[in-house]
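Novice: Have a look at this fold, sequence not included:
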Ligand SMILES: O=C(O)CCC(=O)N[C@@H](C(=O)O)c1ccccc1
């Protein structure tokens, strides 16, 4: 399966509504797609880096540059994901760029062998329970309206973005409106410091599943200290960029749940290693999201079907973010999404929709 070349494609996907987090507001998702072409098949990878380096240090233009100048030229000519991962190791960081290329190589290979992503990764289910992420809003009534809509759509878990000044009150309002049975968690995106520990412990009265990344991404020791003053389980996201980070966080007591985001950790092979490690330690994992199109969403749903993914993930339906996804849309059914069963990702871009949102394409011959 000789790789003949790689396409870098930039697309711009308007969001159905602005999505506000503690580090900014998105209205359009600029996405870098990677397409690996071989004689037998082509494979897709979605780079989850945002347009600006606000979630982490990576950003779409930087990912395109490191792929163009270093990662693609280093690719082994045979489409083998493990070999591709090894070939990229000499280059430091850029995990989201690496994840996109490794995924595209893996997708090309699996489309040729006919194995689905889920089967390759070790999925144990054919559908996954879905949660939804709710951004910071201008008012509590607006938040309650949004949560009502998602609960009515069937989402099995609600995640509320929080930040200083928007935390205890909105969480209390949601808990009071929807009762104690609603699976509820919060995500701070590193907006607090240890000085806020007592304030954050105020979340304990709401019976949350977890509080996600309350402190800075490089604050494992501080998270371990926070865990001693909060009853709510701490989940890490930005802090976990590898299985080694997960092992360190678990041994320090910095978290008791891990949000696994394949793009953040360098790809689905590392994501599976984190799953295996956490499962061995009795640490729950769930699949995070980065507003992926149906391509990344398909891969995430397959990952979320592994046995250690015991909490609903941010694997929402396509309609949560996009009026028209670039693949046939993922639609919630009884609070679940089906795991694609076709070869590779099991979904393909719809050509006319992809063309419509394409900003640029670049071909790199190998
Ligand atoms: O459902 C989704 O795909 C988004 C889930 C979500 O909240 N992602 C957050 C996060 O910090 O996890 C995020 C949003 C925007 C940009 C980066 C990350």
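Specialist: Good, I have the coordinates. No experiment lies behind these values; they were computed from the predicted model shown.
Novice: Every contact and neighbour count from this point should use C-alpha atoms.
Specialist: Fine.
Novice: which residues touch the residue of the stretch 51-200 of the chain found nearest the ligand?
Specialist: For the stretch 51-200 of the chain, the residue closest to the ligand is residue 133, as judged by C-alpha to the nearest ligand atom, at 4.8 Å. By C-alpha atoms under 8 Å, 6 or more residues apart in numbering, the residues touching residue 133 are 158, 159, 160, 161, 314.
Novice: contacting residues around the helix or strand the third one falls within?
Specialist: Residue 160 belongs to strand 157-161 when elements are defined using DSSP states H and E. Where contact means C-alpha under 8 Å, 6+ apart, the residues beyond strand 157-161 that reach it are 21-22, 130-136, 147, 171, 182-189, 312.
Novice: Among these, name the ones in helices.
Specialist: Those of these mapping onto helices are 147, 171, per DSSP state H.
Novice: Of the contacts of strand 157-161, which belong to strands?
Specialist: 21, 131, 132, 133, 134, 183, 184, 185, 186, 187 (DSSP state E).
Novice: Among the residues you listed, which one has the most neighbours?
Specialist: The most crowded member of the ones in strands among the contacts of strand 157-161, judged by other C-alpha atoms under 10 Å, is residue 131 (29 neighbours).
Novice: you'd agree it is up against residue 315?
Specialist: Yes - here residue 131 reaches residue 315: they are 6.3 Å apart, a contact under C-alpha atoms under 8 Å.
Novice: For this protein, which segments count as strands?
Specialist: Assigned strands in the chain, in chain order: 3-21, 24-38, 42-47, 127-129, 131-134, 157-161, 183-187, 211-212, 234-236, 257-260, 284-287, 336-338, 358-365 (criterion: DSSP E).
Novice: Pipe those into CSV and attach mean pLDDT per row.
Specialist: Output for these, formatted as CSV (pLDDT from 0 to 100):
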stretch, mean pLDDT
strand 3-21, 97
strand 24-38, 97
strand 42-47, 98
strand 127-129, 98
strand 131-134, 98
strand 157-161, 98
strand 183-187, 98
strand 211-212, 98
strand 234-236, 98
strand 257-260, 98
strand 284-287, 98
strand 336-338, 98
strand 358-365, 98
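Novice: I'd like the ones you listed laid out as TSV, including distance to residue 104.
Specialist: Formatted as TSV, the strands of the chain follow (distance: least, C-alpha to C-alpha, whole Å):
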stretch	distance to residue 104
strand 3-21	9
strand 24-38	6
strand 42-47	4
strand 127-129	23
strand 131-134	26
strand 157-161	30
strand 183-187	30
strand 211-212	29
strand 234-236	27
strand 257-260	19
strand 284-287	19
strand 336-338	21
strand 358-365	14
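Novice: follow-up on the earlier one: bridging residues for the residue of the stretch 51-200 of the chain closest to the ligand?
Specialist: Counting by DSSP bridges, residue 133 is bridged to residue 159.
Novice: still on that earlier bit, check the contacts of residue 133 and tell me the two furthest apart.
Specialist: Greatest spatial distance in these: 161 and 314, 12.4 Å, computed using C-alpha to C-alpha.
Novice: ok, how many other residues are close to the closest residue to residue 7 other than its chain neighbours?
Specialist: The spatial neighbour of residue 7 that comes closest, neighbours along the chain excluded (C-alpha to C-alpha, 6 or more residues apart in numbering), is residue 363 at 4.5 Å. Neighbourhood size, residue 363 [other C-alpha under 10 Å]: 13.
Novice: same check, this time on residue 251
Specialist: For residue 251, the count of nearby residues is 12 (other C-alpha under 10 Å).
Novice: How about residue 125?
Specialist: Applying other C-alpha under 10 Å, we find 15 residues neighbouring residue 125.
Novice: And for residue 245?
Specialist: Around residue 245 there are 15 residues (other C-alpha under 10 Å).
Novice: Show the model's pLDDT score for it.
Specialist: On pLDDT, residue 245 comes in at 98.
Novice: So residue 245 is in contact with residue 236, correct?
Specialist: No - contact criterion C-alpha under 8 Å: residue 245 and residue 236 do not qualify, at 10.2 Å.
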